[in-house]
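# Have a look at this prediction, sequence included:
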Amino acid sequence: MKILQITAALQQGGVERGTVEMAAYIVAQGGQSLVASQGGRLVEELEAQGSRHLQLPLARRTPWIILSNAFKLRRIIQQEKVSLVHARSRAPAWAAYLACRWTGVPFLTTFHGTHRIQNRLKRFYNSIMVRGQRVIAISGFIKTHVMTHYAVDEARIDLAPRGYDPDVFNPDLVDVACIRPLQQHLELSEGVPVISLPGRLTRWKGQVVLLEALNQIKDLSWQVMFIGGEEKKAAYLLELQNLAARYQIADRVRFVGTQADIALYYQLSDLVVSASTEPEAFGRVAVEAQAMGCPVIASAHGGALETVRDGETGWLFKPGDADDLAATLRRVLTGNDDLRAVGARGRQWVAEHYTIDRMCQAEWNCYEKVVRR
């Protein structure tokens, strides 16, 4: 099979990472992998794995650009003799849908997020993600969302939960010699529990909620790392820094920015918090942390309800509720739970349910269903 995946860009994020992971799997299965996007930092990795990248202005949403992209994609599909087109984001999906209609090539989509539905026009724009012959849902939460809001027959939906890479998120593979220097660089105190919140610096990721919760447990011993950044979010970062100062906890808070070797930071953590105030479509952080043997405290909505087993591999708290998060943190930090045992159960749980191979195999099975029709 020659598969053309289409997404807006290849910068960073779950959609982009899933695209690159699936591209590598297609090549490993003996297929030919093409990816069309506007480009980005992941293109080099994509091509190193054996895929070809086709650069088009697919992040542009204006109707005439979408139409222009559709004509370009039609030519690519015909020239490359593409077997199937897999679209992963909305504006590119419209262009791909038209190109597939014109060429008769099968078209399928992955529904990666809930997408806001403010009005009929927005619902129509979003609906392109359910116009494929098959619709791949990245979690049970998203599957329910698609069925509820877009009236898609369950028989047309394939479930392919996202996965982690065991060759990256594996505590046995972390270079322990790097831990101590990193600890010193970040000025983290030895013997003091490290709480981490990985995620982009954007309000709905819940950094404020965690700071408000930490303000309520200042009597306990802890230190916290906020892992992740965004160049355009300088004002939000300053707001968080000022909030930490106002709560008089700034000396225990570290903003470490985006980190390529996130597994090393998980290894340095005793607890990982996912405090998203809006439901995560899947939530890779919770899975990656568990893969590293790190217990998770997560908002009780979205994908976390599937990936975190409350009281077994981690704990859930009421979304957006700093009081409940503070109570959960206090209970975990002062209770009798063996965090190593919780981490070990989490590691086994995600290894059995949420690996990249499982995710890619589910998508590959979907490809075969469509091509064999």
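All right, it came through fine.
# C-alpha only now, for contacts and for neighbours.
Noted.
# list the contacts for the closest residue to residue 43 other than its chain neighbours?
Nearest non-adjacent residue to residue 43, counting by Cα to Cα, 6 or more residues apart in numbering: residue 10, 6.4 Å away. Residues in contact with residue 10 (Cα atoms under 8 Å, 6 or more residues apart in numbering) are 16, 37-43.
# could you flag which of these are buried?
16, 37-39, 42-43 (16 or more other Cα atoms under 10 Å).
# which of the residues in the helix or strand where residue 24 lies are buried?
Assigned by DSSP states H and E, residue 24 belongs to helix 14-28. The neighbour-count check on helix 14-28 (16+ other Cα under 10 Å) flags 15-27 as buried.
# Packing partners of whatever helix or strand comes next after that helix?
With elements assigned by DSSP H and E, the helix or strand that comes after helix 14-28 is strand 32-37. With contacts taken as 3 or more Cα pairs under 8 Å, 6 or more residues apart in numbering; DSSP states H and E, strand 32-37 sits against strand 2-6, helix 14-28, strand 52-55.
# hmm, try it at 6 Å
Judged by 3 or more Cα pairs under 6 Å, 6 or more residues apart in numbering; DSSP states H and E, the packing partners of strand 32-37 are strand 2-6, strand 52-55.
# okay, these in a markdown table with distance to residue 64, mean pLDDT and mean neighbour count next?
Converted to a markdown table, these look like this (distance: least, Cα to Cα, whole Å; pLDDT from 0 to 100; neighbours: other Cα atoms under 10 Å):
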| stretch | distance to residue 64 | mean pLDDT | mean neighbour count |
| --- | --- | --- | --- |
| strand 2-6 | 18 | 98 | 24 |
| strand 52-55 | 18 | 98 | 16 |
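# mind checking which of these is nearest residue 292?
Relative to residue 292, the nearest member of the helices and strands packed on strand 32-37 by Cα to Cα is strand 2-6, separated by 30.0 Å.
# Can you give the distance of the closest one from its chain's centre?
21 Å (Cα atoms, centre = their mean, to the nearest Å).
# cool, stretch 276-288 as well?
7 Å.
# If we go by neighbour counts, what in that stretch is buried?
Those would be 276-277, 279-288, for stretch 276-288 by 16+ other Cα under 10 Å.
# Greatest separation within these: which pair is it?
Going by Cα to Cα, the pair spanning the buried residues of stretch 276-288 furthest: 277 and 288, at 19.6 Å.
# Could you measure from residue 114 over to residue 90?
12 Å (Cα to Cα, to the nearest Å).
# neighbour count winner among these two?
Legend: neighbour count by other Cα atoms under 10 Å for residue 114 and residue 90, higher for residue 90 (23 against 17).
# What are the contacting residues of stretch 32-40?
With contact meaning Cα atoms under 6 Å, 6 or more residues apart in numbering, stretch 32-40 is reached by 2-11, 23, 51-58.
# can you give me the helices for the stretch 101-250 of the chain?
For the stretch 101-250 of the chain, the helices defined by DSSP state H, counting those that start in this stretch occupy 120-126, 140-150, 179-185, 207-215, 234-246.
# Deepest in the core, which of those helices is it.
Highest mean neighbour count of the helices of the stretch 101-250 of the chain: helix 207-215, a mean of 22 (counted as mean count of other Cα atoms under 10 Å).
# Tell me the helices and strands packed up against that one.
Counting by 3+ Cα pairs under 6 Å, 6+ apart, helix 207-215 packs on helix 322-334.
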